[in-house]
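*Asks:* mind looking at a prediction? Sequence and model below.
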Amino acid sequence: MTAETPISLLIVDDHPVVRDGLRGMFAAVPGFTVLGEAADGVQAVERAAALDPDVILMDLRMPGGGGVDAIRELTRRGARARVLVLTTYDTDSDTLPAIEAGATGYLLKDAPREELFTAVRAAAEGRTVLSPAVASRLVSAVRAPRSPGNEPLSAREREVLALVAKGTSNKEIARELFISEATVKTHLTHLYAKLGVNDRAAAVAVAYDRGILG
């Protein structure tokens, strides 16, 4: 990518008005070109493969396929695109899984326009960009000693756990969340480890005891 070549973008958000707004913002500034849009994580992976953008602006919580799973799949496929998370959420259960999955940067949607443009340019060059609030959380998370059973659950793990609490089978959970059964099992393995349990019943009991559910 040279100084004359615009940075190509894929915008991923389940709200059409947000996608339209972002497209308009980048269309009004030289040096950027929006190749396409996606409404969820599954579409994001498909469009990224077809369009090969430099940077993907990725929302996290989307019906039909969340951003973290999409980032993880893009990383698994060795996608060239850099993923810049652009979301409303800055909790540990959102930020840490996104960064661990392979996101290059993490910004909140209340970031000023110029900060967003600068972040996209930095992400295109492979540089990590974090909003101050997210950076502080990551530093705290790295410094805080974690013992088994005290690690926070990711947003997707909470979704899986909530369905488990309703007695939903792995196959039904996969259908409900638009993910594979193998991915459901992976989420269960991770949340068991975080809760310090070995089975579904214990996970639900501990989750209720800690106020994670209900």
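*Replies:* Okay, I see it.
*Asks:* isn't Arg121 right up against Leu9?
*Replies:* No: look at Arg121 against Leu9 with Cβ atoms under 8 Å: they stay out of range, at 11.2 Å. In short, each C-beta sits where N, CA and C put it, glycine included.
*Asks:* more neighbours, the two?
*Replies:* A count of neighbours by other Cβ atoms under 10 Å puts Leu9 above the other of Arg121 and Leu9, at 25 against 16.
*Asks:* which residues of this structure score low on pLDDT?
*Replies:* Residue ranges of the chain with pLDDT under 70: 1-3, 92, 136-150, 214.
*Asks:* could you pull out the strands for it?
*Replies:* Assigned strands in the chain, in chain order: 7-12, 32-38, 55-58, 82-87, 105-108, 129-130 (criterion: DSSP state E).
*Asks:* okay if I get the ones you listed as CSV plus distance to Tyr192?
*Replies:* Putting these into CSV (distance: least, Cβ to Cβ, whole Å) gives the following:
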stretch, distance to Tyr192
strand 7-12, 30
strand 32-38, 32
strand 55-58, 27
strand 82-87, 26
strand 105-108, 27
strand 129-130, 30
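*Asks:* just say which of the ones you listed is most tucked in.
*Replies:* Each of the strands of the chain was given a mean neighbour count from mean count of other Cβ atoms under 10 Å, and the largest, a mean of 28, is that of strand 55-58.
*Asks:* how about Gly126, what does it touch?
*Replies:* Counting by Cβ atoms under 8 Å, 6 or more residues apart in numbering, Gly126 makes contact with 82, 104.
*Asks:* Ala48 versus that one, what's the distance?
*Replies:* 17 Å (Cβ to Cβ, to the nearest Å).
*Asks:* now swap in Ala205 and tell me
*Replies:* For Ala205 relative to Ala48 (Cβ to Cβ), the value is 40 Å.
*Asks:* who has more neighbours, those two?
*Replies:* Each of Ala205 and Ala48 has its neighbours counted (other Cβ under 10 Å); Ala48 has more, 25 against 15.
*Asks:* just checking, the more buried one touches Leu74?
*Replies:* Yes: counting by Cβ under 8 Å, Ala48 does reach Leu74; the two are 6.0 Å apart.
*Asks:* got any residues that touch both of the two?
*Replies:* 56, 81.
*Asks:* pretty sure Asn198 is touching Leu191, no?
*Replies:* No: in this structure, Asn198 is not within contact of Leu191 by Cβ under 8 Å, at 11.6 Å.
*Asks:* more crowded one of these two?
*Replies:* More crowded of Asn198 and Leu191, by other Cβ under 10 Å: Leu191, with 24 against 10.
*Asks:* which non-adjacent residue is nearest the more buried one?
*Replies:* Nearest non-adjacent residue to Leu191, counting by Cβ to Cβ, 6 or more residues apart in numbering: Glu157, 4.4 Å away.
*Asks:* quick one: residues contacting the one you found.
*Replies:* Residues near Glu157 by Cβ under 8 Å, 6+ apart: 93, 187, 190-191, 194.
*Asks:* which of those sits closest to Thr5?
*Replies:* For the contacts of Glu157, the minimum distance to Thr5 (Cβ to Cβ) is 37.3 Å, reached by Ser93.
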